[in-house]
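[1] Coordinates for the following, if possible.
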Amino acid sequence: MDLELAGRILDQVWAVPAGRVATYGDVSARAGSTSPRLAGRVLAELAEDDTPWHRIVRADGSPAPHLRAEQTRRLRAEGVEVLGGRVSMTRYRFNPAAAPIGHSRTAPGSAAWAVSVADDST
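    Model (predicted):
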């Protein structure tokens with residue numbers, strides 16, 4: 001797996017604020033990949049415990065089937081309505097162009113992470 005790309009995907013997951021969602025395709029495309037499945041794989045294999053994975057849903061707004069109950073609980077705790085097993089993408093989809101600029105977490109594999117790791121090793 002390309003760890004630099006994986007880091008960019010995780011950066012995009014961290015960029016989705018509480019109360020909003022993005023699709024696997026959204027975070028993948030913003031990271032420079034054409035594969036929504038890669039975004040799912042990165043979340044499954046490389047996400048840390050505090051990664052807000054629950055904010056990433058399928059293109060139709062449905063949670064991951066094997067995580068449905070936990071993902072729905074976490075989304076509702078952030079004020080996202082899940083009705084009929086889906087999130088309204090027109091209401092809750094994150095639009096980074098409309099978002100204020102803020103702090104994004106440095107994810108493993110990102111260019112900033114590589115620099116911080118290199119700095120720590122000296």
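
[2] From the contact counts, what lies against the lengthiest helix in the chain?
    Identified as the longest helix of the chain according to DSSP state H is helix 3-15. Packing contacts for helix 3-15, counted by 3 or more C-beta pairs under 8 Å, 6 or more residues apart in numbering; DSSP states H and E, involve helix 24-31, helix 36-46, helix 111-120. For every residue, glycine as well, the C-beta is placed using N, CA and C.

[3] in that helix, what's buried?
    Using 16 or more other C-beta atoms under 10 Å as the test for burial, helix 3-15 gives Leu5, Ala6, Gly7, Arg8, Ile9, Leu10, Asp11, Gln12, Val13, Trp14, Ala15.

[4] mean confidence score for that helix?
    Helix 3-15 comes out with an average pLDDT of 95.

[5] mind checking how far it is from the chain centre?
    Centre-to-centre, helix 3-15 and its host chain are 8 Å apart (C-alpha atoms, centre = their mean, to the nearest Å).

[6] and the angle from it to helix 24-31?
    120 degrees (axes from the mean of the first three to the mean of the last three C-alpha atoms, to 10 degrees).

[7] If we go by neighbour counts, what in stretch 88-100 is buried?
    So for stretch 88-100, counting by 16+ other C-beta under 10 Å, buried means Met89, Tyr92, Arg93, Phe94.
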